[in-house]
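**Q** Quick one, structure for this:
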Amino acid sequence: MHTDETSAVTGPRTLTVRVADGAVRGHAAGSVFAWMGVPYATAGRDRRFRRAAPARAWDGERDCRDRGPIAPQAKAMQVPIDPGLAQDEDCLSLNVWAPRPAEEPRPVMVWIHGGAYCVGASSQTVYDGRGLAETGDLIVVTVNYRLGVFGFLDLSSFGDGFEPNLGLWDLVTALEWVRDNISAFGGDPGNVTVFGESSGAGAITTLMTAPRAEGLFHRAIAQSAPATSVYGAVRAAAVASRFLELAGVAPSEADRLHDLPVEDLLRAGDELLDEIVITVPGTLAMAPVVDGDLVPRYPVAAFQKGVAHRIPLIIGTNRDEASIFRLTRSPILPVTADTVTQMFAAIADDHPDMPPSRIAEVIAAYPDYTKPTGAMAISRDAAFRMPCLWIADAHCRHSPTWVYRFDHATPMLRAARVGAGHATELPYVFGNFGTLNMDPTFWLGGRRSAVQVSGRVQRRWLAFAAYGVPAALDASKHWAPYTEEGRSTLLIDKTDTLVPDPDAALRAAWGNEVMGFS
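**A** Residues are numbered from 1 along each chain as shown. Next up is the predicted model:
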């Protein structure tokens with residue numbers, strides 16, 4: 001057992017290790033140990049709208065039994081978070097699940113949660129890493145980072161007191177912390193896999209094109225990445241100006257934002273969220289921006305130019321991404337013919353050189369465009385499936401790439417017309433079913449099949465983290481890499497199926513030129 005000065009066993013139910021800022025005491029969680037709320041940086045009021053400062057060192061052992069505060073976040077969107085968790089600007093902590101250290105360092109998986117860049121937390125129950133750590137005999141890390149107004153509102157057009165892409169910088173800092181400290185937990189800093197969903201996956205595809213992040217992770221899994229939801233300076237400045245108006249702050253007095261109560265900033269942010277998704281359907285109010293520094297260019301364009309980090313990648317989407325937005329009446333994704341038409345009109349305004357025939361060809365590929373099913377299909381493909389394929393086509397030219405489509409849905413989710421909706425794969429990845437209040441997932445049965453699907457998904461994800469190849473060593477369907485010639489895609493359902501180029505018609509309609517907002 002690993003017993004050097006970085007690690008010390010303090011009892012059968014606790015394990016204390018020493019990281020750069022002090023000693024942290026973890027507690028037994030099944031057959032592994034969990035360290036909750038470990039600070040990796042500091043971002044309180046004095047770092048508002050600025051990159052985080054180093055974590056403050058502490059004396060003695062820090063008891064890491066409790067989850068840390070979550071990022072201040074939008075009330076306009078709801079995600080299942082323990083209501084007892086406090087929100088605090090100083091929210092930069094992470095959670096670690098690890099077996100007792102052994103002679104050989106273990107692979108590391110770092111989870112980046114989703115939530116449209118404005119909600120969510122590493123402490124959501126569905127992201128509990130104990131099961132993955134136990135099953136894979138590896139280390140799982142989940143990360144809090146700044147969100148919404150505090151993490152993805154670019155106010156840099158109002159002076160040097162504001163910096164862009166703070167949420168992304170937080171993730172870079174967290175990955176640097178993992179590089180520098182994970183060996184104390186028995187992890188291998190040279191074998192780090194980042195995995196994430198929705199905006200968390202979008203952060204990953206963005207960081208894969210960020211020179212500053214190169215070498216901080218060695219494999220990536222992007223689940224339902226809105227990879228084209230990264231905007232330019234002009235749009236970012238316009239959004240920032242509108243935010244100031246909603247906050248009641250004149251541009252000449254922008255520095256007042258540093259002193260406003262958190263509640264006032266969140267209120268203005270909620271109004272901005274509601275307004276942007278209605279006036280420009282298909283866009284997010286707050287998201288990563290091309291700043292010429294951390295994010296030097298639009299990520300999908302960077303993939304197509306071949307300048308993304310050359311690491312193995314799993315990327316995919318869910319069959320029915322848009323259904324959950326229609327069910328919850330969330331305006332984030334346009335799911336009616338009218339809002340889809342508005343989205344394309346806004347894209348055309350952003351790209352005056354684009355021939356009108358291009359959009360007409362896309363719409364023609366969806367004969368039921370005027371019906372909810374057709375509108376949702378267009379929205380799904382614009383936001384998720386086509387960005388996935390654009391990235392896969394480019395990345396597979398130089399790095400191992402695997403593409404999937406998650407099709408599995410329980411009888412209840414099919415009956416509710418959710419199907420394999422956005423985020424429905426999350427319990428399968430972590431093996432954590434039943435994490436929602438009054439969870440309807442298995443009301444009509446289907447648990448046995450779901451557990452079997454989850455086992456296959458976990459084995460593939462864990463094998464990828466350990467060996468760089470998503471092979472389920474249990475006679476599951478072989479998952480061939482994605483190439484431009486064959487475009488093999490794994491359809492994940494009760495039975496996995498490997499299909500060559502299932503999106504051929506879709507790709508033909510949309511073309512290879514990225515269609516998104518600038």
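
**Q** distance of G434 from P427?
**A** Look at G434 and P427: by CB to CB, to the nearest Å, they are 8 Å apart. C-beta here means a position set from N, CA and C on the backbone, and glycine is covered the same way.

**Q** Flag every buried residue along stretch 171-183.
**A** Along stretch 171-183, these residues count as buried under the neighbour rule (16 or more other CB atoms under 10 Å): L171, V172, T173, A174, L175, W177, V178, R179, N181, I182, S183.

**Q** Alpha carbons of it, in CSV - could you do that?
**A** As requested, the backbone C-alpha atoms of stretch 171-183 are provided in CSV (Å, rounded to 0.1, in the frame of the first residue of the first chain):
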residue,chain,number,x,y,z
LEU,A,171,-12.0,24.4,-14.8
VAL,A,172,-8.5,24.9,-16.0
THR,A,173,-7.5,25.7,-12.4
ALA,A,174,-9.3,22.6,-11.2
LEU,A,175,-7.5,20.4,-13.7
GLU,A,176,-4.2,22.0,-12.7
TRP,A,177,-5.1,21.0,-9.1
VAL,A,178,-5.7,17.5,-10.2
ARG,A,179,-2.4,17.4,-12.0
ASP,A,180,-0.5,18.6,-8.9
ASN,A,181,-2.4,16.8,-6.2
ILE,A,182,-4.2,13.6,-7.4
SER,A,183,-1.1,11.4,-6.8
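
**Q** Which residue, other than its chain neighbours, is closest to T441?
**A** Once its chain neighbours are removed from consideration, T441 has its nearest residue in T410; the separation is 5.4 Å (CB to CB, 6 or more residues apart in numbering).

**Q** Contact partners for the one you found?
**A** Contact criterion CB atoms under 8 Å, 6 or more residues apart in numbering gives T441, F442, L444, G445, G446, R447, S449, A450 as the residues in contact with T410.

**Q** State the helix or strand in which the second one lies.
**A** Using DSSP states H and E, F442 maps to neither a helix nor a strand.

**Q** is it true that it touches F433?
**A** Yes - F442 is within contact range of F433, at 7.5 Å (criterion: CB atoms under 8 Å).

**Q** could you point out which element follows the lowest-mean-pLDDT helix or strand in the chain?
**A** Ranking every helix and strand in the chain by mean pLDDT, DSSP states H and E puts strand 7-11 at the bottom, with a mean of 50. As assigned by DSSP H and E, the chain's next helix or strand after strand 7-11 is strand 14-19.

**Q** by contact count, what packs against that next one?
**A** Helices and strands touching strand 14-19, as assessed by 3 or more CB pairs under 8 Å, 6 or more residues apart in numbering; DSSP states H and E, comprise strand 7-11, strand 22-29, strand 32-39.

**Q** Can you list the strands that it pairs with?
**A** In the sheet, strand 14-19 lines up against strand 7-11 (antiparallel), strand 22-29 (antiparallel) (DSSP bridges).

**Q** biggest helix in the chain by residues?
**A** Ranked by residue count and defined by DSSP state H, the top helix of the chain is helix 447-467.

**Q** what comes up buried for it?
**A** When burial is assessed from 16+ other CB under 10 Å, helix 447-467 yields the following buried residues: 450, 453-466.

**Q** Can you identify each of the strands in the stretch 401-518 of the chain by residue range?
**A** 401-406, 488-492, 497-500 (DSSP state E, counting those that start in this stretch).

**Q** Could you find the closest non-adjacent residue to the residue nearest the centre of the chain?
**A** Residue closest to the average C-alpha location in the chain (CA atoms, centre = their mean): G200, at 1.0 Å. Setting aside the residues directly before and after it, G200 is nearest to I112 in space (CB to CB, 6+ apart), at 3.7 Å.

**Q** Hmm, R47 is touching A53, no?
**A** Yes - R47 sits in contact with A53 when judged by CB under 8 Å, with a separation of 5.7 Å.

**Q** Dihedrals phi and psi, I315?
**A** Here is the backbone geometry of I315 (degrees, to the nearest 10): phi -140, psi 140.

**Q** residues in contact with it?
**A** Each residue near I315 by CB under 8 Å, 6+ apart is listed here: 201, 205, 221-222, 225, 388, 391-392, 395, 401-404.

**Q** Report the beta-bridge partners for it.
**A** A222, V403.

**Q** Could you measure from the residue nearest to the centre of the chain over to E485?
**A** As defined by CB to CB, G200 lies at a distance of 31 Å from E485.

**Q** same deal with N318?
**A** In this structure, N318 lies at 26 Å from E485, with CB to CB as the measure.

**Q** ok, those two, which is more surrounded?
**A** Set side by side, N318 and E485 show unequal neighbour counts under other CB atoms under 10 Å, the larger going to N318 at 28 against 9.

**Q** what residues are up against the more buried one?
**A** N318 sits next to S224, F384, R405, F406, D407, A420, G421, H422, A423, T424, E425 when contact means CB under 8 Å, 6+ apart.

**Q** What about those residues, which one has the most neighbours?
**A** Using other CB under 10 Å as the neighbour criterion, S224 leads the contacts of N318 with 30 neighbours.

**Q** Next one: that one from T341, what distance?
**A** Taking CB to CB as the criterion, S224 is separated from T341 by 24 Å.

**Q** still on that earlier bit, joint contacts of F442 and F433?
**A** By the contact definition CB under 8 Å, 6+ apart, F442 and F433 are jointly contacted by A450.

**Q** Near the residue nearest to P211 when sequence neighbours are not counted, how many residues? Count them for me, please.
**A** Nearest-residue entry for P211: P296, 7.0 Å, with adjacent residues in sequence omitted and distances by CB to CB, 6+ apart. Summarising burial for P296: neighbours were counted as other CB under 10 Å, giving 15.

**Q** what's the answer for T328, then?
**A** Neighbours of T328 under the rule other CB under 10 Å: 14.

**Q** Over to K371?
**A** Using other CB under 10 Å, K371 has 13 neighbouring residues.

**Q** One more: A508?
**A** Counted with other CB under 10 Å, the neighbours of A508 add up to 10.

**Q** contacting residues around it?
**A** Contact analysis of A508 by CB under 8 Å, 6+ apart lists A365.

**Q** Kindly report the same for the one 10 residues further on.
**A** Residues near S518 by CB under 8 Å, 6+ apart: Y231, G232, V234, R235, Y298, D350, H351.

**Q** Test my guess that the fourth one contacts D349.
**A** No - counting by CB under 8 Å, R235 stays clear of D349, with 11.3 Å between them.

**Q** ok, these two, which is more surrounded?
**A** The residue with the greater number of neighbours, taking R235 and D349 and applying other CB under 10 Å, is R235; the counts read 18 against 12.

**Q** phi, psi of that one?
**A** Recorded main-chain torsions at R235 are phi -60, psi -40, according to degrees, to the nearest 10.

**Q** Model confidence for it, exactly?
**A** Looking at R235, its pLDDT is 95.

**Q** where's it relative to L207, distance?
**A** Between R235 and L207 the computed distance is 21 Å (CB to CB).

**Q** Repeat that for W510.
**A** Here the criterion is CB to CB. By it, W510 lies 25 Å from L207.

**Q** swap in M515?
**A** Distance of M515 to L207, given as CB to CB: 23 Å.

**Q** quick one: which of the two has more around it?
**A** L207 (27 against 20).

**Q** dump the residue contacts of V418.
**A** By CB under 8 Å, 6+ apart, V418 lies in contact with D320, S323, I324, L327, A409, T424.

**Q** Determine the number of other residues adjacent to the third one.
**A** Using other CB under 10 Å, the number of residues around I324 comes to 21.
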